[in-house]
Structure formats: structure tokens, C-alpha cells
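In: fold the following and give me the result.
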Amino acid sequence: MSGRSVLAVSFVVLACAPAIAQTGQWSQPTKTEQWSQPPQAQSPAPTPPAPGKGGPGQSQPGLGSSPTTTQQVAPRAMDNPEVVQPQGKVPAGMVGRWNLWVPGGIWYSTDGSRIYRNYAQGAAMNSLTIRANGTYSWGGTTGRLTEIRPWFAQPGERYFAVQLDADLKYMARHDAGKGKVDLFFWGVGGHAATGTR
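Out: The predicted structure follows:
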């Protein structure tokens with residue numbers, strides 16, 4: 001390219017630069033209004049409902065599944081749930097033999113160019129047999145159910161400590177409406193297994 005060509009291109013760029021800068025100044029509006037009508041009054045933000053009954057972090061009827069408060073739980077409270085006193089009778093619907101099933105899980109991975117959906121199959125656990133007097137047998141372990149109140153307890157629900165062996169302890173809850181038993185991991189309360197007849 002000759003010196004004259006470079007000089008000509010430089011002048012064109014300099015001449016167009018202010019126009020380009022001015023174009024950027026006139027950006028699209030962030031809000032569009034109809035000028036032929038008066039502006040609409042904005043409605044005030046809805047007032048949050050008063051806290052209802054139930055524990056911290058629990059949903060209220062009619063409000064979907066949004067928690068009403070956030071609760072910080074002390075690790076000691078998670079590992080040592082309150083023991084209910086006096087101990088009541090085991091719910092009649094909980095008595096009997098339960099076939100326990102650990103649910104499968106889905107996770108995603110990538111090789112850099114593709115995303116893969118992976119599935120880990122669920123598995124059967126030993127059956128859990130609960131007797132009317134509160135004793136149970138599970139695998140090679142026998143014991144007595146102890147009613148507890150874990151940190152995540154829902155109003156009106158009853159929870160029981162049940163132990164598979166010296167190291168594996170769970171929290172069991174009978175779901176009468178669905179005719180099943182749910183096992184939750186000790187402490188954290190995540191779903192561990194479901195028992196069906």
C-alpha cells in the first residue's frame with residue numbers, strides 16, 4: 001500500500017469516527033412508553049404474608065414451596081436430634097415388612113464437545129421388619145425404634161431412629177397417604193431409601 005493510500009484511509013477513519021461515536025450515544029431506550037396516553041401508575045409491591053405456623057425453613061400453605069425463613073442448623077443438633085418424651089406407640093400402618101429400595105441417580109458429564117446424561121441404577125437394601133411393640137429387625141440387626149424430632153421435622157410427622165449396623169443409622173418416617181416408609185440419612189436428612197410392601 002502506498003503512502004497516499006494509507007493517508008487517505010486514515011482521513012476516512014478520522015472523518016467517520018465522530019459519527020460512529022455519536023451513533024453509540026443514541027442507544028435504544030430501556031423503557032418504552034406510549035406518549036399519547038398518560039403514564040400508568042405502578043402498583044405497590046405485594047406485602048409479604050405474616051409468618052405462619054411450622055418451623056423455620058418450612059413452607060406455608062398457599063405459598064408454593066418457598067421457605068418462609070432460612071435456618072442455620074448447628075451440626076450438634078443435626079447429629080443429635082431431640083428424643084421425643086414420652087415415647088408413643090408406633091403407628092399401626094408402619095408395622096410389618098418393608099422392602100427397601102435406594103433410588104437411582106442421574107448426573108451429567110462432558111468430554112469437551114458433548115454432554116452425556118449418565119444413570120446409576122437403584123438397588124435393593126435388606127428388608128426392614130417393624131413389630132407393634134416398636135422392635136425391628138433389619139439385615140442382621142435387631143433394635144427398638146426411638147421416636148425423634150430431627151431438625152427438618154415437618155408439623156404432624158413422626159420420625160424414628162433405626163440402625164442397620166454399628167455405623168449406619170437412619171431416620172424413618174411413615175407416609176400413610178402413600179403407604180410407604182421413607183428413610184433419611186442421619187443428620188443431614190436427605191432421602192436415602194423408600195420402603196414398600
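In: in the chain, which spans are helices?
Out: Taking DSSP state H as the test, the helices found in the chain are 3-25, 75-79.
In: least reliable of those helices going by mean pLDDT?
Out: In terms of mean pLDDT, the lowest-scoring of these is helix 3-25 (a mean of 44).
In: which of the helices and strands in this protein ranks last by mean pLDDT?
Out: One helix or strand of the chain scores below all others by mean pLDDT, DSSP states H and E: helix 3-25, with a mean of 44.
In: tell me how many other residues crowd the residue nearest to residue 120 when sequence neighbours are not counted.
Out: Leaving aside its chain neighbours, residue 120 sits nearest to residue 105 (4.9 Å; criterion: Cβ to Cβ, 6 or more residues apart in numbering). C-beta coordinates here come from the backbone N, C-alpha and C atoms, glycine included. Residue 105 has 10 neighbouring residues, counting by other Cβ atoms under 10 Å.
In: residue 105 contacts residue 190, doesn't it?
Out: No. Applying Cβ atoms under 8 Å, one finds residue 105 not in contact with residue 190, separated by 11.7 Å.
In: test my guess that residue 173 contacts residue 156.
Out: No. Using Cβ under 8 Å, residue 173 makes no contact with residue 156, being 11.0 Å away.
In: ok, these two, which is more surrounded?
Out: More crowded of residue 173 and residue 156, by other Cβ under 10 Å: residue 173, with 18 against 6.
In: residue 184: what's it in contact with?
Out: Going by Cβ atoms under 8 Å, 6 or more residues apart in numbering, residue 184 touches 150, 152, 159, 170, 171, 172, 173, 190, 191, 192.
In: measure the second one to residue 184 for me?
Out: Same thing as residue 152. Relative to residue 184, residue 152 is positioned 8 Å away (Cβ to Cβ, to the nearest Å).
In: buried subset of the contacts of residue 184 as a ChimeraX selection?
Out: Of the contacts of residue 184, the buried ones go into a single ChimeraX selection, burial set by 16 or more other Cβ atoms under 10 Å:
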select :150,152,159,170,171,172,173,192
